[in-house]
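Chemist: Sequence and computational prediction follow.
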Amino acid sequence: MTQHLSIPLWITKDEQITCHALLDQYQLLLSDEERAQYQRFRYDEHRHQFLVTRALVKSTLSRYCPEIAPHQWLFKKNRFGKPAIVNRLKTPLYFNLSHTKGAVVLVVHGEGEVGVDIEWIHRREKIIDIAARYFTQHEKNTLSAMDPITQQHHFYQLWTLKEAYIKACGQGMSLPLNQFYFQFLKQRIHVCHTEPSAPVSENYQFLQFQLGTEYQGALAIQCTTRDFSSPTLQFRHVVPLRAEQRDTHREFSR
């Protein structure tokens, strides 16, 4: 039987949060370890985004489990740095987040591991040089044949898909980005590995999304079955500890 999969994306524009009273509330949510990490940031904008990010994660998880207050959430990281929830829950929860210039995106899922990546696409970077280091030969050839505008768009499509996938797998950069690539099928994106020892990847669903004209994003979801209808992404624009604005769109995996 086909199942309908609906995935909320919790989005915060961190640079727009300037209320000192609200930021003071975010400070109260930090653990001792997080507070020490917060103090180690050299630049104010990085410190600010870290604070908003932690508030977004904890306040959002408490939407799913109201019996746990935002300041009570505990996390541990695997050996590759991916965080997981330590608190005892009635049902499993998996989460992942990504941040870039001006935006933080969080995904929470109850049926399997998940990875998300978002990138501000107006960076002044030499994308061909980056592709030469991290992409497969076929991907590099495809990019080189494109005009500059199409090239930039396709680069960020590939980059966010790769980042989302390695985050969902929980292996980080220990899974080299140039050892897998994506096939863009009619209604599905499929990941293929160039190494025979690669992890099983058939049970991952991939989605792409844009936030306005500035951000490209991708989502990788570990599915318990391959028989899903076209997923729906729910874009929930929030200020942590404040109300949300919901904007639901039907998004296909292409």
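Modeler: Perfect, I can see it now.
Chemist: check which helix or strand covers the closest residue to Leu161 other than its chain neighbours.
Modeler: Nearest residue to Leu161 in three dimensions, chain neighbours excluded: Ala218, at 4.5 Å (C-beta to C-beta, 6 or more residues apart in numbering). No exception for glycine: its C-beta is placed from N, CA and C like everyone else's. Per DSSP states H and E, Ala218 falls inside strand 215-222.
Chemist: From the contact counts, what lies against the helix or strand following that strand?
Modeler: Using DSSP H and E, the next helix or strand after strand 215-222 towards the C-terminus is strand 232-238. Under the contact definition 3 or more C-beta pairs under 8 Å, 6 or more residues apart in numbering; DSSP states H and E, strand 232-238 sits against strand 6-12, strand 204-211, strand 244-250.
Chemist: mean confidence score for strand 232-238?
Modeler: Across strand 232-238, the average pLDDT comes to 92.
Chemist: again with stretch 44-64
Modeler: 97.
Chemist: Repeat that for stretch 171-178.
Modeler: Averaging pLDDT along stretch 171-178 gives 84.
Chemist: buried residues in it?
Modeler: 171, 175, 177-178 (16 or more other C-beta atoms under 10 Å).
Chemist: Strands of this protein, start to end?
Modeler: 6-12, 75-77, 83-85, 94-100, 103-109, 114-120, 180-184, 189-193, 204-211, 215-222, 232-238, 244-250 (DSSP state E).
Chemist: Columns distance to Tyr26 and mean neighbour count on top of these, output as TSV?
Modeler: TSV is the format used below for these (distance: least, C-beta to C-beta, whole Å; neighbours: other C-beta atoms under 10 Å):
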stretch	distance to Tyr26	mean neighbour count
strand 6-12	11	21
strand 75-77	16	12
strand 83-85	18	15
strand 94-100	15	21
strand 103-109	12	22
strand 114-120	21	24
strand 180-184	37	16
strand 189-193	36	16
strand 204-211	22	20
strand 215-222	23	25
strand 232-238	13	17
strand 244-250	17	11
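Chemist: Generate JSON lines for these, with distance to Pro66 as supplementary columns.
Modeler: Output for the strands of the chain, formatted as JSON lines (distance: least, C-beta to C-beta, whole Å):
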{"stretch": "strand 6-12", "distance to Pro66": "16"}
{"stretch": "strand 75-77", "distance to Pro66": "19"}
{"stretch": "strand 83-85", "distance to Pro66": "15"}
{"stretch": "strand 94-100", "distance to Pro66": "16"}
{"stretch": "strand 103-109", "distance to Pro66": "14"}
{"stretch": "strand 114-120", "distance to Pro66": "21"}
{"stretch": "strand 180-184", "distance to Pro66": "38"}
{"stretch": "strand 189-193", "distance to Pro66": "35"}
{"stretch": "strand 204-211", "distance to Pro66": "28"}
{"stretch": "strand 215-222", "distance to Pro66": "24"}
{"stretch": "strand 232-238", "distance to Pro66": "16"}
{"stretch": "strand 244-250", "distance to Pro66": "15"}
